[in-house]
Structures are given as structure tokens and as C-alpha cells.
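**Q** Give me a model of this one.
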Amino acid sequence: MLPEIKFSILVTICIIVTSSVSVAIPYWITADNTLYGETIHIYTGLWKSCGDIQGEIRCISFTNVEDFVDATRALMITGIILFGINLLLAFRIAGEDTRITSANICILSLVVGGILLFVAMIVFGTNIDDPTGTISYGSAFYLPIPSAIFAFIAAGFVHRSKRIQRIQGYSEINT
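**A** Alright, predicted model coming up:
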């Protein structure tokens with residue numbers, strides 16, 4: 001197995017984990033509000049919102065959300081699915097499948113998945129309305145950035161392995 005494919009598999013597993021954590025946790029935006037003289041820390045994600053009131057955390061799940069939240073969910077989940085497809089194909093390539101089609105689909109799924117993560121952040125970030133200036137982006141909002149960047153890097157490594165496979169294949173024909 002080529003080290004480029006090993007790296008791609010490892011990175012893809014990390015990408016899937018961080019992207020899934022980003023989708024699941026309620027830290028896309030945070031805010032501190034004062035209500036009746038008490039400060040309330042609010043953490044909101046794609047699926048629920050939590051508030052910390054005097055050390056007691058209460059969460060509510062969203063039933064109706066705005067369209068941009070649905071779009072962000074869809075983009076993130078589609079990206080994670082594409083990374084899963086990439087992982088399956090990377091294991092197939094690691095199993096000595098030297099077909100160029102598998103590598104090309106692997107590269108395509110990484111690139112498109114990375115783009116979808118960036119688009120999800122843009123859709124979410126540009127639609128947050130903060131007239132009071134109390135909202136800030138949380139850690140879950142920023143997690144897709146390294147995931148997308150590493151997806152592009154992993155795509156480059158798969159492309160490099162494709163070139164190495166092509167060169168090794170030609171040398172086998174000559175001998």
C-alpha cells in the first residue's frame with residue numbers, strides 16, 4: 001500500500017470525525033444575554049440550543065428552523081457522506097485496485113466534500129443576524145475549516161498516488 005493512500009485514509013477518518021462533531025454539538029454560535037439581572041450563556045447549534053442559567057444547563061431541540069439552517073445541515077451531511085464514499089474508495093485503492101476511475105472518484109469526493117463544508121459555513125455565517133452585537137461564532141462553526149483544508153490536501157495525495165501507480169504500471173510493462 002502506498003503511503004499516500006495510508007495518509008489519505010487517516011486524514012479522511014479525522015475529517016469525518018471532526019465534521020460529524022461539528023454538526024452534532026451546539027456551539028455554532030454563542031451569546032451572553034442578561035435577563036432580570038442574571039447572565040445567561042446561550043449555545044446554539046444546527047439541531048438544538050442550550051442555555052446555562054446559574055450553572056444549570058437546559059437544552060431545547062429545534063422543531064422549525066429557518067431555511068439557511070436546513071441548507072447548512074444538508075451541505076454538512078452531504079459533505080460527510082462524500083467523505084465516507086472517499087474512505088471506502090481509498091480502502092479499495094489500498095487493496096491494490098489500480099483503476100484510475102477509483103482514484104478519480106476518490107479525488108472528486110474529497111474536493112466536492114471540502115467545498116460543501118466551506119459553502120455550509122458561508123451560508124450559515126452570512127445569515128446570522130446580530131443587531132445587538134452579542135453573538136459570536138463558536139468552535140463548531142470553525143471545525144469545518146481544517147476539515148475542508150485537509151480534504152484538499154488528501155485529494156492531492158490521492159492524485160500523487162495515482163501518478164505513482166501509473167509510473168509503476170509502466171515500469172512493469174517494460175520489464
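**Q** Return the residues in contact with Ala140.
**A** Listed by C-beta atoms under 8 Å, 6 or more residues apart in numbering, the contact set of Ala140 reads Val21, Ser22, Val23, Ile25, Pro26, Tyr27, Trp28, Gly45. (C-beta placed from N, C-alpha, C; glycine too.)
**Q** Among those residues, name the buried ones.
**A** Buried members of the contacts of Ala140, scored by 16 or more other C-beta atoms under 10 Å, are Ser22, Val23, Ile25, Pro26, Tyr27, Trp28, Gly45.
**Q** Return the residues in contact with the second one.
**A** By C-beta under 8 Å, 6+ apart, the residues touching Val23 are Leu46, Trp47, Arg73, Met76, Ile77, Ile80, Ala140.
**Q** any idea which of the residues you listed is the one closest to Lys6?
**A** Closest approach between the contacts of Val23 and Lys6, by C-beta to C-beta: Ile80, at 21.4 Å.
**Q** May I ask you to confirm that that closest one is in contact with Ile16?
**A** Yes. Here Ile80 reaches Ile16: they are 6.1 Å apart, a contact under C-beta atoms under 8 Å.
**Q** Go ahead and list the helix or strand containing Thr12.
**A** Using DSSP states H and E, Thr12 maps to helix 3-24.
**Q** quick one: buried residues of that helix?
**A** 4-5, 7-9, 11-12, 15-16, 18-20, 22-23.
**Q** Just after that helix, pick out the following helix or strand.
**A** Helix 3-24 is succeeded, C-terminally, by strand 29-35 (DSSP H and E).
**Q** Give me the mean pLDDT for that following strand.
**A** The pLDDT scores in strand 29-35 average 83.
**Q** Any chance you could give me that strand in CSV, C-alpha atoms only?
**A** C-alpha atoms of strand 29-35 as CSV (Å, rounded to 0.1, in the frame of the first residue of the first chain):
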residue,chain,number,x,y,z
ILE,A,29,-22.9,30.5,17.8
THR,A,30,-22.7,31.6,21.4
ALA,A,31,-24.1,34.6,23.2
ASP,A,32,-24.3,36.1,26.6
ASN,A,33,-27.5,37.8,27.5
THR,A,34,-28.7,39.5,30.7
LEU,A,35,-32.2,38.7,31.8
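**Q** now for that strand, which elements pack on it?
**A** Secondary-structure packing of strand 29-35 (3 or more C-beta pairs under 8 Å, 6 or more residues apart in numbering; DSSP states H and E): strand 38-44, strand 135-137.
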